[in-house]
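Visitor: Got a sequence here, can you build the structure:
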Amino acid sequence: MAQQDDEVELRRLRWKCRRGMRELDQLLERYLDRGWRGASEQERGVFLRLLETEDDKLWHWFMGHDTPADADLSTLVQDIRSLPP
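Guide: Next up, the predicted model:
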């Protein structure tokens, strides 16, 4: 049952990753595909906070034009940026 719950959660998160900007969509979905299942509860919480962030801030963070003030968000953004395509 837990695996089924995980799949439901992943589908819900995949929908939240759709930002209307292909580059952001790809970065966020790449994390879901490669990092989410192995992430700690703490890192998952940081990712959920990341998803609540406005698109323009996400864009600046992921393009390296700005850095989140929150250290956990900053670390996760860097980790996502470093995932291979």
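
Visitor: Pull the number of nearby residues for His60.
Guide: By the criterion of other CB atoms under 10 Å, His60 has 14 neighbours. (Glycine included, C-beta is placed from N, CA and C.)

Visitor: ok, so what distance separates the nearest residue to it once chain neighbours are set aside from Leu32?
Guide: Closest residue to His60 apart from its sequence neighbours, by CB to CB, 6 or more residues apart in numbering: Asp66 at 4.0 Å. In this view, Asp66 and Leu32 are 23 Å apart by CB to CB, to the nearest Å.

Visitor: His65 too?
Guide: Distance of His65 to Leu32, given as CB to CB: 24 Å.

Visitor: Same drill for the two, tell me which one is more crowded.
Guide: It is Leu32, of His65 and Leu32, that has more neighbours when counted by other CB under 10 Å, with 18 against 8.

Visitor: Distance from the chain centre to the top helix by length along the chain, please.
Guide: The longest helix of the chain (DSSP state H) is helix 2-16. A distance of 14 Å separates the centroid of the chain from that of helix 2-16, by CA atoms, centre = their mean, to the nearest Å.

Visitor: buried ones in the helix or strand just after that helix?
Guide: Next in sequence after helix 2-16, counting helices and strands by DSSP states H and E, comes helix 22-31. Within helix 22-31, the residues that count as buried by 16 or more other CB atoms under 10 Å are 24, 27-28, 31.

Visitor: Distance of the closest residue in space to Phe62 that isn't next to it in sequence relative to Gln3?
Guide: Spatially, and ignoring its direct neighbours in sequence, Phe62 is nearest to Leu27 (5.6 Å; CB to CB, 6+ apart). According to CB to CB, Leu27 stands 26 Å off from Gln3.

Visitor: before we move on, back to that, mean confidence for the longest helix of the chain?
Guide: The average pLDDT for helix 2-16 rounds to 87.
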